[in-house]
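Quick one, fold the following:
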Amino acid sequence: MLSWLFLILLPACDNPCVDYCKELDAWLADCGTTWETEFEEKDWESVQDCFDHHWEADDGDRKNCGRRIKKLSDEECY
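Reported below is the predicted structural model:
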């Protein structure tokens, strides 16, 4: 059973979009804002919504997420 779970989660391990969601969650917390405020148009309420949206990202989306991670590290709170 445990090996089955590992195999399901394996594709997400190399998904930079999952990393982007984690970084974004930390950035939101550091800036004192919420998912609901920043992503009202998407109806995202938590990092889980971001994970769900990007879970099966294609190669183009993954590259985009990689760029977003770099941009987010320079993003200041507003």
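
Check the offset of stretch 29-47 from the chain's centre.
On the basis of CA atoms, centre = their mean, to the nearest Å, stretch 29-47 sits 12 Å off its chain's mean C-alpha point.

And it, what's buried?
Across stretch 29-47, burial judged by 16 or more other CB atoms under 10 Å covers 35, 39, 44, 47. The C-beta positions use only the backbone N, C-alpha and C, and glycine is treated the same way.

What's the local residue count around Asp58?
8 (other CB atoms under 10 Å).

Look up the closest residue to the spatially most central residue of the chain, ignoring the ones flanking it.
Nearest residue to the geometric centre of the chain (CA atoms, centre = their mean): Cys21, 1.6 Å. Nearest non-adjacent residue to Cys21, counting by CB to CB, 6 or more residues apart in numbering: Cys50, 3.7 Å away.

What residues of whichever strand or helix holds the one you found count as buried?
Cys50 is located in helix 47-54, with elements delineated by DSSP states H and E. Burial within helix 47-54, assessed by neighbour count using 16+ other CB under 10 Å, is assigned to 47, 49-51, 54.

export that helix as PDB, just CAs?
Only the C-alpha atoms of helix 47-54 are listed here, as PDB (Å, rounded to 0.1, in the frame of the first residue of the first chain):
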ATOM      1  CA  VAL A  47      -2.300  26.400  -1.000                       C
ATOM      2  CA  GLN A  48      -4.300  23.200  -1.800                       C
ATOM      3  CA  ASP A  49      -6.200  25.000  -4.500                       C
ATOM      4  CA  CYS A  50      -2.900  26.000  -6.100                       C
ATOM      5  CA  PHE A  51      -1.700  22.400  -5.900                       C
ATOM      6  CA  ASP A  52      -4.900  21.100  -7.400                       C
ATOM      7  CA  HIS A  53      -4.600  23.700 -10.300                       C
ATOM      8  CA  HIS A  54      -1.000  22.700 -11.100                       C
END
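
And the helix or strand hosting Ile69, how far out from the chain middle?
According to DSSP H and E, Ile69 maps onto helix 59-74. Relative to its chain's centre, helix 59-74 lies at 10 Å (CA atoms, centre = their mean).

Not counting it itself, show me its contacts.
Residues outside helix 59-74 that contact it (CB atoms under 8 Å, 6 or more residues apart in numbering) are 15-17, 19-20, 23-24, 27, 54, 57.
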